[in-house]
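K.L.:
Turn this into a model:
(chains A and B)
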There are 2 protein chains.
Amino acid sequence: MKTEKSELPVVGVDVGGTKIAAGVVDAVGRITGQVKIPTDARNATTILDSIEQAVRASLEAAGLNSSQIKGIGLGIPGVVDPVAGVGMESANLGWHNVPVQALLEERLEVTCYIENDVGAGALGESLYGAGRGFESMVYLSLGTGVAARAIIKGNLYRGTHGVAGEIGHISMGAGDRACRCGGKDCLEAWASGPAIAAQAQEAVQAGKGSLLIELVGTAQEITAETVFEAASKGDRVAFDIVTLAGRNLAQAVFILAALYDTQAVVLGGGLVQGRDELVKAIRAGMEYQLKQSPLFGPVLEGMPVRVSELKNGGPVLGAAAIFNSRTKR
Amino acid sequence: MKTEKSELPVVGVDVGGTKIAAGVVDAVGRITGQVKIPTDARNATTILDSIEQAVRASLEAAGLNSSQIKGIGLGIPGVVDPVAGVGMESANLGWHNVPVQALLEERLEVTCYIENDVGAGALGESLYGAGRGFESMVYLSLGTGVAARAIIKGNLYRGTHGVAGEIGHISMGAGDRACRCGGKDCLEAWASGPAIAAQAQEAVQAGKGSLLIELVGTAQEITAETVFEAASKGDRVAFDIVTLAGRNLAQAVFILAALYDTQAVVLGGGLVQGRDELVKAIRAGMEYQLKQSPLFGPVLEGMPVRVSELKNGGPVLGAAAIFNSRTKR
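P.N.:
From the prediction side, this is the model:
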């Protein structure tokens, strides 16, 4: 008996600037053959080489060949044109206007669909994770960057340029802190992983936060993870940095709630995996925000703010879901 | 020859806390029989009396009876449940959970559909005004309140609770100014009509802004209009208040662009009718914001920010459009 094409699995690929994860995802969201390889990020061709390598390794680990999958879904950082299949801009990958879909389809001889990685994460949480059961939700991704994507009536909301949800570079009114985008006072300048680490490094270099330096060795080794650990052990400097990040992220949650008015918000990304310090700080920040603008109370009381349930598998599931969202009838 | 039901006009009603405007709108958006009467806002029944009176006066002015219209569309301030036809909360009307649709249908014996007034304004601009030709746009209404509504693929985006776009009470990080909502630092605390007037009144009471007081007589008589006039005549205090409002509104435009990523933004409401001081200040604020977060440049360069073209007729056209959006197949 021949398996129906629609029952075949999909390969999901999460393309990052340092690592590429791939896995074979079946119709109910189970992953097999998950692999993770380093990204050779020298140029667009080497990145495509790495993607091809990850897909082939994943298929081999799952004991499948490319005729036994429906196709490939890819989550890609930066600005993506999903219809044309083009990776337009990405600071992490350093590429411009790369026809990712066409080039990968030529290499792998199966249909490939691409999407912004946060959009893929949003769809994954909506279908398989903390967003299950909600017709509409916002996914706020907290990691090297800070960005959101909304799921509206079950579909990813992309906007005109595919950037709808790019909340990372709005001004917070929190001070003059420089952002990697060249601006000042962006949400990412206060609450991204590198920004949390940088604030702690600066504090240590100014002679503050003794526990922070004890946990590592030199200021340069401090990561956001170090800051969360120091905060959990009572370091005041670390606690204040996490509190400030939480307040700014809570303000972001309020803005997302006011503009999208979804049934739920899901927090995801590397900064909420494992340690719960940042989630605690966001919830404390929301209490603070409610005092600033009590009108949001009735809306927020009925809107759960959940933490991603997908952890490491999330981006791969989301990328596979992107493929299915493009082919469903 | 009998006129087809679908070709009949619709009555549009803009319900405000002080005035109710009504007009008969034909299939191509021409208004006849426009009337404006004071709102008897003592309670829900007297408000419904006023609405009924406005509708009957408009029909009479247009020389029609209620069998010669398709139905009535109403734009209502506050939180509205358009499906149930219930006006849920409104600070301006002071009512809670009023079944507006059912009560008006009983009084007027025609189908009535209700919607939030800013949503009606957005649909009106999209169909007949500065938003024509854009599949997606955001309407930012500047008046007694500050709120936005998005049109996505030609439809009003309402969200789960009908509040999607309520940007008036997000924190701006601009200071501790009290808002009428009971909170602090809300967009409305800096940029609504009453907030602009209040800041000028406070300045005059503190002995500043001599031109402001010359234009009226007492501080209490200063309105937002006074502040715009004084600013245009070189009053520094007035100019600074308008500049600050413009900066906060520009930040709001950036947030709307980042989250909805629409093809255009349309500025409407009483504060942009007639005088252009506030629009100038918003455009100056956007230049300032671009320096804060240069990443928005590419998105904003391709996104026109226009001023409402509908002026006084806008809310009535929008309310009529709400009726048609509910009945179109």
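K.L.:
Domain parsing of chain A, as residue ranges.
P.N.:
Chain A breaks down into these domains under automatic domain parsing: A:5-125+A:312-327, A:133-308.
K.L.:
Phi first, then psi, for A:Asn97.
P.N.:
The phi/psi pair for A:Asn97 (degrees, to the nearest 10) reads phi 50, psi 60.
K.L.:
And it, how close does it get to chain B?
P.N.:
Separation of A:Asn97 from chain B (Cβ to the nearest Cβ, to the nearest Å): 13 Å. Every residue, glycine included, has its C-beta placed from N, CA and C.
K.L.:
That residue is in contact with A:Val86, isn't it?
P.N.:
Yes: A:Asn97 is in contact with A:Val86 according to Cβ atoms under 8 Å; the separation is 5.9 Å.
K.L.:
Give me every residue in the stretch 1-150 of chain A lying close to chain B.
P.N.:
Applying Cβ under 8 Å from any Cβ of the partner chain, one finds that the stretch 1-150 of chain A approaches chain B through A:Ser136, A:Ala148, A:Ala150.
K.L.:
Check which helices and strands whichever helix or strand the last one is part of sits against.
P.N.:
Remark: A:Ala150 resides in strand A:146-152, with elements defined by DSSP states H and E. Counting contacts by 3 or more Cβ pairs under 8 Å, 6 or more residues apart in numbering or on different chains; DSSP states H and E, the secondary-structure elements packed against strand A:146-152 are helix A:117-128, strand A:137-142, strand A:155-157, helix A:187-191, helix A:236-260.
K.L.:
Run through the neighbouring helices and strands of the first one.
P.N.:
Here helix A:117-128 touches strand A:10-15, strand A:71-76, strand A:137-142, strand A:146-152, strand A:155-157, strand A:264-268, helix A:314-327, going by 3+ Cβ pairs under 8 Å, 6+ apart.
K.L.:
Redo the ones you listed as JSON lines? Include distance to B:Asp117.
P.N.:
Output for these, formatted as JSON lines (distance: least, Cβ to Cβ, whole Å):
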{"stretch": "strand A:10-15", "distance to B:Asp117": "44"}
{"stretch": "strand A:71-76", "distance to B:Asp117": "40"}
{"stretch": "strand A:137-142", "distance to B:Asp117": "26"}
{"stretch": "strand A:146-152", "distance to B:Asp117": "23"}
{"stretch": "strand A:155-157", "distance to B:Asp117": "24"}
{"stretch": "strand A:264-268", "distance to B:Asp117": "27"}
{"stretch": "helix A:314-327", "distance to B:Asp117": "35"}
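K.L.:
which one of these lies closest to B:Gly297?
P.N.:
Across those, B:Gly297 has its closest neighbour in strand A:146-152 (17.4 Å, Cβ to Cβ).
K.L.:
ok, and what's touching the closest one?
P.N.:
A:116, A:118-119, A:121-123, A:126, A:131, A:134, A:136-141, A:156-157, A:164-168, A:187-188, A:191-192, A:249, A:252, A:256, A:260, A:262, B:157, B:259 (Cβ atoms under 8 Å, 6 or more residues apart in numbering or on different chains).
K.L.:
neighbours of whichever residue of the stretch 201-329 of chain A sits closest to chain B, just the number please.
P.N.:
Residue of the stretch 201-329 of chain A nearest chain B, by Cβ to the nearest Cβ: A:Asp261 (2.5 Å). Number of residues near A:Asp261 (other Cβ atoms under 10 Å in any protein chain shown) recorded here: 23.
K.L.:
How about it, nearest residue that isn't a chain neighbour?
P.N.:
Distances taken as Cβ to Cβ, 6 or more residues apart in numbering or on different chains place B:Gly159 nearest to A:Asp261, at 2.5 Å, with adjacent residues excluded.
K.L.:
Many thanks, I have nothing further to ask.
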